[in-house]
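>>> just to be clear, the model below is a prediction. Sequence and coordinates:
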Amino acid sequence: MSINVTLFAQMLVFGLLVWFTMSFVWPLIRGAMEEREKTISDGLAAAEKGQDDLKQAGEEAGKIVEEARNQARDILSKASSRANGIVDEARSEGEAEKRKRLDSAESELEVEINRARDELRQQVATIAIAGAEKILSREIDESAHRDLLDRLAAKL
Amino acid sequence: MEDDHDVNEGATSATDYIVHHLTNLDTEHALHTELANPFWNLHWDSMFYSVILGIIFAGSFYFAARKATSAVPGAWQNFVELIVDFVDTQVKDSFHGSSKLIAPLALTIFCWIFLMNFMDLVPVDLLPRLGETAGINYMKVVPTTDPNITLGMSISVFILMIFYSIKIKGVGGFAKELFLHPFGKWMIPFNFLLKVVEELAKPVSLALRLFGNLYAGELIFILIAVFTLSAGVNSLGENFTSLGTITLFIIQVILGLAWAIFHILIITLQAFIFMMLTIVYLSMAHEEH
């Protein structure tokens, strides 16, 4: 129970042990622990960032899809208006063509009618002359037939 | 001298048995000589177990530290990290300066004292009896039941306290603290006396608390062990019944078990208190008043 040199020996051993722990045990273990903590927190941060990125990408994709949809709608409406335009154009063109054909047909018809009328007129004149000849060959009562002849001539 | 403590002999008295267990293997007992100066009477058993346990602590922790990985730790590294983290938390809670020394110091104190205390749970007669077969007649296996060991550690802590006080506050600041608190410059001698008592009480209480707890604990283990010993001594020589011996044996087992289980708490608590107070004292040394 007496205090003696053992005390100083213990102090020496204690000092050596603390020095050893301080130099070779504590820093290595704390280092490993801190590195692991850092790795974990980095991983968590990366995961969070990834999630944010994903969300952002999703939003962007949505925006792009929306834009594409709008564009498609534009294209569709433009196309339909263009189609309408083409149809209208075609219709008006057809109308014009129809009118042109109709006009030419009409004028042709008119020419034809005029020619027929001329022909008819000539033939009527011939017939009239033949008729007149036949009447004349029988008897012409000028007074009696003047009226008839006048009316005939007026009709031509 | 070698015969009067041999517990195998029925003639051994309980007092002899207890005294034998509480005697260190010092140089005088080991060499059967009388030293001129009792100061050099080293307690070989205390130092032996203290150093062995220190090596076990440092070696096993170094084993974990050397292979420490920041990836998934193995079982031993995990355990070491648990203790390191526990100590680190305690240090960070009470100590607000920055010091590379205090946390490893606290770790060393906690683990080393725990291991030295743990020797208390080794059956009281096991190692001394093994030593006797090897010709070693005295052996105290629990280093912390030796006041030299506990005082050695607390005085080391005390030196660190003074060192940090002077390092942080300077010689002037430390002197001011020593002489001018708490009553100002008209009470310098009284202040000084008060401060010296206050400061000296720290290492002394630190050492004696640990020593007292472990010494008492060890003594109770020895007393429990005396049950079967006293059966041989007190039961009128040849005539003691085997029934009485068996009863005493059962009582000893039950009491020993109960005290050992309770002691698990005490040895851990004492190691923790020593570590905690070291941290607190050192953080007080770091603080300006």
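Yes, it's here.
>>> going forward, measure contacts between C-alpha atoms and count neighbours the same way
Will do.
>>> near chain B, which residues of chain A?
Taking Cα under 8 Å from any Cα of the partner chain as the contact definition, chain A meets chain B at A:1-11, A:13-15, A:17-18, A:20-22, A:24-26, A:28-30, A:32-36.
>>> please check these and keep the buried ones.
For the residues of chain A next to chain B, a neighbour count by 16 or more other Cα atoms under 10 Å in any protein chain shown gives the buried set as A:3-11, A:13-15, A:17-18, A:20-22, A:24-26, A:28-30, A:32-33, A:36.
>>> check which helices and strands the biggest helix by length in chain A sits against.
Scanning chain A for the helix with the most residues, using DSSP state H, yields helix A:26-138. Counting contacts by 3 or more Cα pairs under 8 Å, 6 or more residues apart in numbering or on different chains; DSSP states H and E, helix A:26-138 packs against helix B:44-66, helix B:75-94.
>>> select, out of those, the one closest to chain A.
Ranking the helices and strands packed on helix A:26-138 by proximity to chain A (Cα to the nearest Cα) places helix B:44-66 first, at 5.3 Å.
>>> show me what that closest one is packed against.
The contact analysis (3+ Cα pairs under 8 Å, 6+ apart) places helix B:44-66 against helix A:5-20, helix A:26-138, helix B:75-94, helix B:102-118.
>>> let's have the ones you listed in CSV, adding distance to residue A:147 and mean pLDDT.
Output for the helices and strands packed on helix B:44-66, formatted as CSV (distance: least, Cα to Cα, whole Å; pLDDT from 0 to 100):
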stretch, distance to residue A:147, mean pLDDT
helix A:5-20, 160, 94
helix A:26-138, 14, 90
helix B:75-94, 146, 92
helix B:102-118, 154, 95
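>>> out of the ones you listed, which is the most enclosed?
Highest mean neighbour count among the helices and strands packed on helix B:44-66 (mean count of other Cα atoms under 10 Å in any protein chain shown): helix B:102-118, with a mean of 24.
>>> what's that one in contact with?
A:17-18, A:21-22, A:26, B:49-50, B:53-54, B:57, B:83-84, B:87-88, B:91, B:142-144, B:214, B:264, B:267-268, B:270-272, B:274-276, B:278-279, B:282 (Cα atoms under 8 Å, 6 or more residues apart in numbering or on different chains).
>>> could you check the angle that helix makes with helix B:75-94?
Angle, helix B:102-118 to helix B:75-94, by axes from the mean of the first three to the mean of the last three Cα atoms, to 10 degrees: 120 degrees.
>>> give me the phi and psi angles of the closest residue to residue B:120 other than its chain neighbours.
Among residues not flanking residue B:120 along the chain, residue B:142 sits closest, at 5.7 Å (Cα to Cα, 6 or more residues apart in numbering or on different chains). Main-chain dihedrals, residue B:142, degrees, to the nearest 10: phi -100, psi 100.
>>> repeat for residue B:125
Main-chain torsions, residue B:125, degrees, to the nearest 10: phi -100, psi -10.
>>> for it, give its distance to residue B:51.
Residue B:125 is 21 Å from residue B:51, where distance means Cα to Cα, to the nearest Å.
>>> out of these two, which sits in the more crowded spot?
residue B:51 (20 against 17; other Cα atoms under 10 Å in any protein chain shown).
>>> how close does the nearest residue to the more buried one once chain neighbours are set aside sit to residue A:22?
Counting by Cα to Cα, 6+ apart, residue B:51 lies nearest to residue A:13, which is 7.0 Å off, once chain neighbours are set aside. As judged by Cα to Cα, residue A:13 and residue A:22 stand 14 Å apart.
>>> now swap in residue B:91 and tell me
Distance of residue B:91 to residue A:22, computed by Cα to Cα: 14 Å.
>>> and for residue A:97?
107 Å.
>>> now residue B:19
According to Cα to Cα, residue B:19 and residue A:22 sit 39 Å apart.
>>> repeat for residue B:130
35 Å.
>>> for residue A:64, same thing?
For residue A:64, the distance to residue A:22 - Cα to Cα - is 60 Å.
>>> same deal with residue B:54?
Plainly put, residue B:54 is 14 Å away from residue A:22 if you go by Cα to Cα.
>>> please apply the same query to residue B:201.
Separation of residue B:201 from residue A:22 (Cα to Cα) stands at 27 Å.
>>> residue B:123: what secondary structure?
Three-state call for residue B:123 (DSSP: H, G, I helix; E, B strand; the rest coil): coil.
>>> burial count for it?
Around residue B:123 there are 15 other residues, counting by other Cα under 10 Å.
>>> again, but for residue B:201
By other Cα under 10 Å, the residues close to residue B:201 number 12.
>>> give me the phi and psi angles of it.
When read as degrees, to the nearest 10, the backbone of residue B:201 gives phi -60, psi -30.
>>> pull the residues that contact stretch B:149-162.
Contacts for stretch B:149-162 (Cα under 8 Å, 6+ apart): A:6-11, A:14-15, B:46, B:143-144, B:202-204, B:206-208, B:210-211, B:278, B:281-282, B:285.
>>> quick check, residue B:94 in contact with residue B:278.
No. Contact criterion Cα atoms under 8 Å: residue B:94 and residue B:278 do not qualify, at 10.4 Å.
>>> any low-confidence regions in the stretch 1-150 of chain B?
Scanning the stretch 1-150 of chain B with the threshold set as pLDDT under 70 gives B:1-12.
>>> how about 90 then?
Scanning the stretch 1-150 of chain B for pLDDT under 90 picks out the ranges B:1-42, B:66-74, B:94-100, B:123-139.
>>> which bits of it sit near chain A?
Counting by Cα under 8 Å from any Cα, the stretch 1-150 of chain B comes close to chain A at B:23-24, B:38-43, B:47, B:50-51, B:54, B:58, B:61-62, B:64-66, B:68-71, B:81, B:84, B:100-101, B:104-105, B:108, B:146-149.
>>> any chance of a PyMOL selection covering the buried ones in those?
In PyMOL, this line selects whichever of the residues of the stretch 1-150 of chain B next to chain A come out buried by 16+ other Cα under 10 Å:
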select buried, chain B and resi 23+24+41+42+43+47+50+51+54+58+61+62+64+65+68+69+70+81+84+104+105+108+146+147+148+149
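>>> tell me the phi and psi of residue B:182?
Torsion angles at residue B:182 (phi, psi; degrees, to the nearest 10) stand at phi -100, psi 0.
>>> give the contact list for it.
residue B:191.
>>> where's it relative to residue B:165, distance?
Residue B:182 is 17 Å from residue B:165, where distance means Cα to Cα.
>>> pretty sure residue B:280 is in contact with residue B:97, am I right?
No. Using Cα under 8 Å, residue B:280 makes no contact with residue B:97, being 11.8 Å away.
>>> between these two, which one's more packed in?
Neighbours were counted for residue B:280 and for residue B:97 using other Cα under 10 Å; residue B:280 has more, 17 against 13.
>>> returning to what we had before: okay, the helices and strands packed on helix B:44-66 in CSV with distance to residue B:134 next?
CSV is the format used below for the helices and strands packed on helix B:44-66 (distance: least, Cα to Cα, whole Å):
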stretch, distance to residue B:134
helix A:5-20, 23
helix A:26-138, 38
helix B:75-94, 34
helix B:102-118, 23
